[in-house]
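Novice: Test case, fold it:
(one chain, ligands or ions: 4)
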Amino acid sequence: SIKGQYGKHFAVYDETLRNKLLREQEITDSMEWALSEEQFLVYLQPKYATEGEGRLAGAEALVRWNHPEWGFLSPAEFIPLFEKNGFITKLDQFVWERSCAILRQWIDQGYPRIPISVNVSRADIYQANLADVLVGFIEKYQLSPSLLHLEITESAYTENQEQIIDTLDHLRGLGFIIEMDDFGTGYSSLNMLNEMPLDILKLDMKFIQSETAKPAEEGILRFIMGLARWMELSVVAEGVETKEQWERLCELGCDYVQGYYFAKPMPAREFEKLLKSEEEAAAQRKADCCQDKG
Ligand code: C2E
Ligand code: MG
Ligand code: MG
Ligand code: MG
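Specialist: Ligands and ions are numbered 1, 2, ... in the order given. Below you'll find the model as predicted:
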């Protein structure tokens with residue numbers, strides 16, 4: 001009967017909704033404990049400069065949750081929930097501090113100095129003590145603020161613009177570098193882009209990942225690159241997965257690239273190996289250069 005079908009339909013719907021709520025409740029119940037038990041890990045994904053023979057130019061800090069029973073959880077599962085329940089502020093501060101500790105360790109080891117980009121959630125921007133917290137970490141680990149890049153997703157810029165402009169102006173004044181993340185996914189107008197205190201545009205991967213480069217898309221990409229140059233912003237492309245995509249981005253004049261084609265996000269220990277080989281490559285370049293002169 002129709003009634004029966006509806007009943008079934010609702011039962012199925014209810015079941016999944018119930019599962020979702022239960023899952024959310026479980027996550028909420030265990031997040032504080034997880035933080036104190038060091039279940040959250042900071043992974044790093046390298047960024048490379050298209051110039052200078054693809055030199056290692058930075059890293060993005062991406063959080064991972066290694067749960068003792070559930071295994072590795074994707075940020076897609078817990079970040080939106082933490083943004084709702086407010087825990088994101090605490091977790092982000094943990095990621096920022098961990099990133100600063102890693103930067104300090106690299107400096108002490110004598111590795112080439114490259115910045116780490118951290119994600120700053122929309123909720124973080126409204127915390128009155130945001131700048132104090134960041135400056136606190138910079139001072140604690142004796143770093144230059146320019147080594148910490150702040151990635152803020154494009155959609156966060158569309159509301160309370162005056163407040164965001166003030167906050168970003170202040171942070172930039174202190175020496176932090178501001179990146180607009182996921183550029184091209186939101187609703188930012190060109191006018192807004194012009195008013196926002198920014199240093200770097202981070203192109204969303206949808207621009208790079210379309211299978212065939214349609215003429216219109218090609219035009220949009222070229223337009224963005226030209227606009228960025230005009231506004232003196234650097235451009236980072238994320239989600240680069242193939243050689244073809246990389247070559248195309250080089251042609252377009254994109255400054256930095258990041259993606260699985262180069263490397264997936266990895267533990268800090270593993271990232272250190274990249275820095276070590278970069279150090280050797282730099283020494284080799286220097287030796288070659290001296291040989292040429294001699
Ligand atoms: P996002 O900041 O735009 O980060 C880029 C995402 O793309 C990361 O996913 C990264 O692992 C993934 N990615 C990198 N290269 C490739 C590629 O070549 N192909 C594909 N398909 N994906 C690639 P992840 O780590 O799962 O993070 C997802 C999102 O969760 C991030 O997007 C960011 O918005 C958020 N997130 C991650 N860590 C943090 C954090 O510590 N704090 C906050 N507030 N948000 C975070
Ligand atoms: Mg990001
Ligand atoms: Mg992004
Ligand atoms: Mg993204």
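Novice: Give me every residue in the stretch 151-294 of the chain lying close to ligand 2.
Specialist: Selection of the stretch 151-294 of the chain residues close to ligand 2 by Cβ under 5 Å from the ion yields Glu151, Asp181. The C-beta positions use only the backbone N, C-alpha and C, and glycine is treated the same way.
Novice: what residues does the stretch 151-294 of the chain put near ligand 3?
Specialist: Residues of the stretch 151-294 of the chain lying close to ligand 3 (Cβ under 5 Å from the ion) are Asp181, Asp182.
Novice: how does it look with 8 Å?
Specialist: Glu151, Thr153, Asp181, Asp182, Lys202, Asp204, Met205, Glu238, Gly239 (Cβ under 8 Å from the ion).
Novice: Any chance of those in CSV with secondary structure and distance to Val95 as columns?
Specialist: Shown next, in CSV, are these (DSSP: H, G, I helix; E, B strand; the rest coil; distance: Cβ to Cβ, whole Å):
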residue, secondary structure, distance to Val95
Glu151, strand, 11
Thr153, strand, 15
Asp181, strand, 14
Asp182, strand, 18
Lys202, strand, 17
Asp204, coil, 21
Met205, coil, 21
Glu238, strand, 18
Gly239, coil, 21
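Novice: Which of the residues you listed has the largest number of neighbours?
Specialist: Among those, the one with the most neighbours (other Cβ atoms under 10 Å) is Lys202, at 26 neighbours.
Novice: what residues are up against that one?
Specialist: By Cβ atoms under 8 Å, 6 or more residues apart in numbering, the contact set of Lys202 is Glu151, Glu179, Met180, Asp181, Asp182, Phe183, Val235, Val236, Ala237, Glu238.
Novice: Columns distance to ligand 1 on top of those, output as CSV?
Specialist: CSV is the format used below for the contacts of Lys202 (distance: Cβ to the nearest ligand atom, whole Å):
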residue, distance to ligand 1
Glu151, 6
Glu179, 10
Met180, 11
Asp181, 5
Asp182, 5
Phe183, 10
Val235, 15
Val236, 11
Ala237, 10
Glu238, 6
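Novice: Please spell out which residues along the strand ranked longest in the chain are buried.
Specialist: In the chain, taking DSSP state E as the definition, the longest strand is strand 56-67. Buried residues in strand 56-67, counting neighbours by 16 or more other Cβ atoms under 10 Å, are found at Leu56, Ala57, Gly58, Ala59, Glu60, Ala61, Leu62, Val63, Trp65, His67.
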